[in-house]
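Asker: Output the structure for:
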Amino acid sequence: MKNTPEILWALHSQVEPIDWDAVYTAELPRVYNFFLYKVGNREAAQDLTAITFERAWKLRSRYRAAVAALPTWLFGIARNVLREYLRQHRLNEQRLEPIVSREEVPSNFDVEKIVQQQQEKECLRKILLELADREQDLIALKYGAGLTNREIARITRLSESNVGSILHRTIQSIRTKWEKNHG
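Answerer: Residues are numbered from 1 along each chain as shown. Coordinates of the predicted model:
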């Protein structure tokens, strides 16, 4: 058997214990943002993030570095947690958080500006809800979780170029619809 660097790294990473504290610290914001982007509710995003990490911890013995990078494996779990949540709650529509909560309103705020921002956010929400599920997922992974096209490709089992093409077309479509509403 040929000892390529990838094989040696995979064998090494299986022997070396994974620093779960480091994984948690590095991936928590990305997983949380993915859920927040998809469900639009902070409490639900926190719960789903906790479930994802709890499940990853319980399934840690099944992780194989030779099969997938740790973030890829973790987002696979996150996507399954999201599917279960949506199925359980029968959510057909995503909800975005309001722009300003009561605690965030400064004493010298501009009401007109806040209303305009809320209207723009609602318009964007409607545009995003018109997208097909696959495009919504790719947008959430890219902009919610901040993943690279390569990471998204591994998670979705699409080619990296396909992910890039779909995202490009989706962003162009969103821009066109946005300009139609605001141009």
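Asker: tell me the pLDDT at the spatially closest residue to residue 73 that is not a sequence neighbour?
Answerer: Excluding the flanking residues, the one nearest residue 73 by Cβ to Cβ, 6 or more residues apart in numbering is residue 63, at 5.6 Å. Bear in mind the C-beta positions are built from the backbone N, C-alpha and C, glycine included. Per-residue confidence (pLDDT) for residue 63: 87.
Asker: residues touching residue 63, list them.
Answerer: If you count contacts by Cβ atoms under 8 Å, 6 or more residues apart in numbering, residue 63 has them with 18, 56, 70, 73.
Asker: any idea which of those residues is closest to residue 48?
Answerer: residue 56 (12.5 Å; Cβ to Cβ).
Asker: buried sites along the helix or strand harbouring the closest one?
Answerer: Residue 56 belongs to helix 42-58 when assigned by DSSP states H and E. For helix 42-58, a neighbour-count test (16 or more other Cβ atoms under 10 Å) marks 44, 45, 48, 49, 51, 52, 53, 56 as buried.
Asker: Following the chain past it, name the next helix or strand.
Answerer: helix 70-89.
Asker: Please work out the average pLDDT along that next one.
Answerer: Mean pLDDT, helix 70-89: 91.
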